[in-house]
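Enquirer: only geometry, no sequence info:
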């Protein structure tokens with residue numbers, strides 16, 4: 001079967017990029033012919049892109065790349081959708097539609113998939129003209145960052161794109177309810193099905209301490225080589241990886257964008273509380289984004305035991321990533337509630353904790369299997385709704401404890417993984433994003449790292465087993481084809497309640 005996928009972005013880095021690269025690989029491995037329309041011109045290292053099983057087509061969009069969240073992309077003028085005028089957006093849609101039409105005329109696909117609520121579906125709808133059945137995969141960013149806050153401008157494009165879709169796939173109940181509320185289309189729930197991303201369980205799996213150390217060494221060597229500059233890792237990425245030693249350190253990780261809504265500030269603020277009780281704990285922060293400098297200021301404040309400097313970062317909040325002023329509420333609550341005695345203990349541990357934080361910068365997804373198995377825990381502290389917790393599922397597949405904020409799609413992943421653990425350990429999988437977020441997060445990490453080694457190893461093995469049984473890209477790929485064909489009965493319905501997520 002010939003499958004056309006439209007994804008207007010790259011195939012490395014963030015969640016939807018990884019989703020499409022992994023989906024294309026899985027479809028190709030299942031024997032399908034994949035035509036992937038995206039902006040990824042650098043396909044070296046993507047072994048499945050061979051011009052036979054999978055072909056990448058790159059539309060000429062004249063350099064203007066509309067985004068859902070402000071960021072920088074080499075070779076593009078990257079601008080958030082709301083900052084563009086309607087003529088610029090229509091030009092972007094038209095250029096992509098023409099490119100997709102050329103692909104359709106040349107290869108005659110059997111089914112197609114569009115990504116994001118805007119502009120992928122409307123691009124595909126206009127290009128296909130009813131000739132090819134298609135499904136839509138809704139990722140959270142377009143919905144929550146653009147369409148929801150700017151419905152007056154973007155709802156018409158979203159409706160046009162969804163109108164002809166055979167099915168609409170969402171990663172969680174939370175995303176489905178948000179989509180239904182924003183779109184306000186009576187027939188949409190009946191076409192909506194659960195279609196979360198998957199995990200490459202062949203790459204993400206538990207490793208022995210020796211194997212984990214070898215994986216880190218191999219990754220460090222790769223970063224030191226000629227590929228490092230291409231990958232976009234910040235200066236010292238290899239040095240950061242070399243600082244991780246699973247034989248001596250208790251490694252905890254974060255993987256994701258470095259923006260305020262991902263809640264990395266909460267993890268950094270919690271780190272002195274963790275190091276005070278687990279001195280061997282070491283934190284690895286993987287990612288890039290507009291709040292990198294702000295996070296660096298938090299680490300500097302900890303290194304200098306300077307609560308006043310930390311308070312300044314808290315007060316400026318999103319201003320440090322180029323957004324409007326507005327303080328970090330959850331972090332402010334933590335700072336304000338530190339009693340004199342607790343403050344002294346916190347500041348005493350802060351410099352040691354700051355020394356045990358390492359930023360790698362951006363690492364491509366293919367590098368993560370060499371890194372994640374060395375983590376004993378991985379934190380997903382987002383304060384903004386997430387469509388799905390893919391990084392949590394990948395961590396679990398490696399036997400690491402995923403500690404996630406208790407909301408949206410993250411909570412649904414937690415609910416899937418929870419039965420793998422004995423009842424007393426299940427609360428360690430999540431924390432409440434609120435005024436108690438920092439101490440709760442620290443508590444979960446300390447309790448997990450303080451477990452008897454054999455108990456922790458046994459629990460990690462059960463998490464990995466559960467992740468393998470519930471997540472896998474082959475089933476995701478088969479679901480996408482069924483969705484495009486309109487075979488809704490073959491797809492899981494959206495669950496009737498939000499899997500315990502907190503509002």
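Expert: Yes, it's here. What you are looking at is a predicted structure, and each value in this text was computed from that prediction instead of being measured.

Enquirer: what sits up against whichever strand or helix holds residue 214?
Expert: In this structure, residue 214 sits in helix 209-224 according to DSSP states H and E. Here helix 209-224 makes contact (C-beta atoms under 8 Å, 6 or more residues apart in numbering) with 207, 228, 231, 233, 237-238, 241-242, 244-247, 363, 367, 369-371, 373-374. Any C-beta I mention is one placed from the backbone N, CA and C, and that applies to glycine too.

Enquirer: One more: stretch 451-461?
Expert: Contact partners of stretch 451-461, identified using C-beta under 8 Å, 6+ apart, comprise 206, 376, 399-401, 420-422, 425, 448-449.

Enquirer: Secondary structure and distance to residue 217 added to these, as JSON lines?
Expert: Conversion of the contacts of stretch 451-461 to JSON lines gives the following (DSSP: H, G, I helix; E, B strand; the rest coil; distance: C-beta to C-beta, whole Å):
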{"residue": "206", "secondary structure": "coil", "distance to residue 217": "18"}
{"residue": "376", "secondary structure": "coil", "distance to residue 217": "18"}
{"residue": "399", "secondary structure": "coil", "distance to residue 217": "19"}
{"residue": "400", "secondary structure": "coil", "distance to residue 217": "19"}
{"residue": "401", "secondary structure": "strand", "distance to residue 217": "24"}
{"residue": "420", "secondary structure": "helix", "distance to residue 217": "30"}
{"residue": "421", "secondary structure": "coil", "distance to residue 217": "31"}
{"residue": "422", "secondary structure": "coil", "distance to residue 217": "34"}
{"residue": "425", "secondary structure": "helix", "distance to residue 217": "31"}
{"residue": "448", "secondary structure": "helix", "distance to residue 217": "26"}
{"residue": "449", "secondary structure": "helix", "distance to residue 217": "23"}
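
Enquirer: tell me, how many neighbours does residue 435 end up with?
Expert: 16 (other C-beta atoms under 10 Å).

Enquirer: Can you give me every residue that contacts it?
Expert: Applying C-beta under 8 Å, 6+ apart, we find residue 435 in contact with 329-330, 333-334, 337.

Enquirer: Give me the PyMOL select line for the residues you listed, limited to the buried ones.
Expert: Buried subset of the contacts of residue 435, written as a PyMOL selection, criterion 16 or more other C-beta atoms under 10 Å:
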select buried, resi 330+334
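
Enquirer: Take the contacts of residue 435 and keep only those in helices.
Expert: Of the contacts of residue 435, the ones assigned to helices by DSSP state H are 329-330, 333-334, 337.

Enquirer: Return the member of the residues you listed nearest to residue 257.
Expert: The closest of the ones in helices among the contacts of residue 435 to residue 257 turns out to be residue 330 (C-beta to C-beta; 18.0 Å).

Enquirer: For the closest one, give its distance to residue 177.
Expert: As judged by C-beta to C-beta, to the nearest Å, residue 330 and residue 177 stand 24 Å apart.

Enquirer: picking up where we left off before, which one of the contacts of residue 435 sits closest to residue 254?
Expert: Nearest member of the contacts of residue 435 to residue 254, counting by C-beta to C-beta, is residue 330, at 16.0 Å.

Enquirer: thought that closest one was touching residue 383?
Expert: Yes: the pair residue 330 / residue 383 is scored as a contact, 6.8 Å apart, by C-beta atoms under 8 Å.

Enquirer: intersection of neighbour lists for those two?
Expert: 263, 266, 433.

Enquirer: For residue 309, which non-adjacent residue is spatially closest?
Expert: Spatial nearest neighbour of residue 309, chain neighbours left out: residue 301 (4.0 Å); criterion: C-beta to C-beta, 6 or more residues apart in numbering.

Enquirer: and stretch 189-209, average pLDDT?
Expert: Mean pLDDT, stretch 189-209: 92.

Enquirer: Next, the buried residues of it.
Expert: 191-201, 203-207.

Enquirer: returning to that earlier point: can you tell me which one of the contacts of residue 435 sits lowest on pLDDT?
Expert: Ranked by pLDDT, those bottom out at residue 337, which scores 91.

Enquirer: gap between the residue nearest to it when sequence neighbours are not counted and residue 152?
Expert: For residue 337, ignoring the flanking residues on the chain, the nearest one in space by C-beta to C-beta, 6+ apart is residue 435 at 7.6 Å. Distance of residue 435 to residue 152, computed by C-beta to C-beta: 34 Å.

Enquirer: Check residue 266 too.
Expert: From residue 266 to residue 152 the distance is 33 Å (C-beta to C-beta).

Enquirer: what ranges do the strands span in the stretch 101-250 of the chain?
Expert: Counting by DSSP state E, counting those that start in this stretch, the stretch 101-250 of the chain has strands at residues 111-115, 134-137, 167-170, 192-194, 250-255.

Enquirer: Among those strands, show me which one is buried the most.
Expert: strand 134-137 (a mean of 29; mean count of other C-beta atoms under 10 Å).

Enquirer: Within its sheet, name the partner strands of it and how each one runs.
Expert: Applying DSSP bridges, strand 134-137 is found paired with strand 111-115 (parallel), strand 167-170 (parallel).

Enquirer: can you put those strands in a markdown table and add mean pLDDT and distance to residue 161?
Expert: Supplementary listing: the strands paired with strand 134-137 in a markdown table, determined by pLDDT from 0 to 100; distance: least, C-beta to C-beta, whole Å:
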| stretch | mean pLDDT | distance to residue 161 |
| --- | --- | --- |
| strand 111-115 | 98 | 7 |
| strand 167-170 | 97 | 10 |
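
Enquirer: Ok, which of those comes nearest residue 477?
Expert: Comparing the strands paired with strand 134-137 under C-beta to C-beta, the one sitting nearest is strand 111-115, at 10.1 Å.

Enquirer: and the end-to-end length of stretch 461-479?
Expert: 28 Å (C-alpha to C-alpha, to the nearest Å).

Enquirer: Show me how far that stretch is from its chain's centre.
Expert: Its chain's average C-alpha position is 17 Å from that of stretch 461-479, according to C-alpha atoms, centre = their mean, to the nearest Å.

Enquirer: Check which residues of that stretch are buried.
Expert: Neighbour-count burial for stretch 461-479 flags 462-464, 466-468, 470-473, 476-477, 479 (criterion: 16+ other C-beta under 10 Å).

Enquirer: does residue 284 sit in a helix, a strand or a coil?
Expert: Assigned with DSSP: H, G, I helix; E, B strand; the rest coil, residue 284 falls in the strand class.

Enquirer: burial of it, as a residue count?
Expert: Neighbourhood size, residue 284 [other C-beta under 10 Å]: 25.
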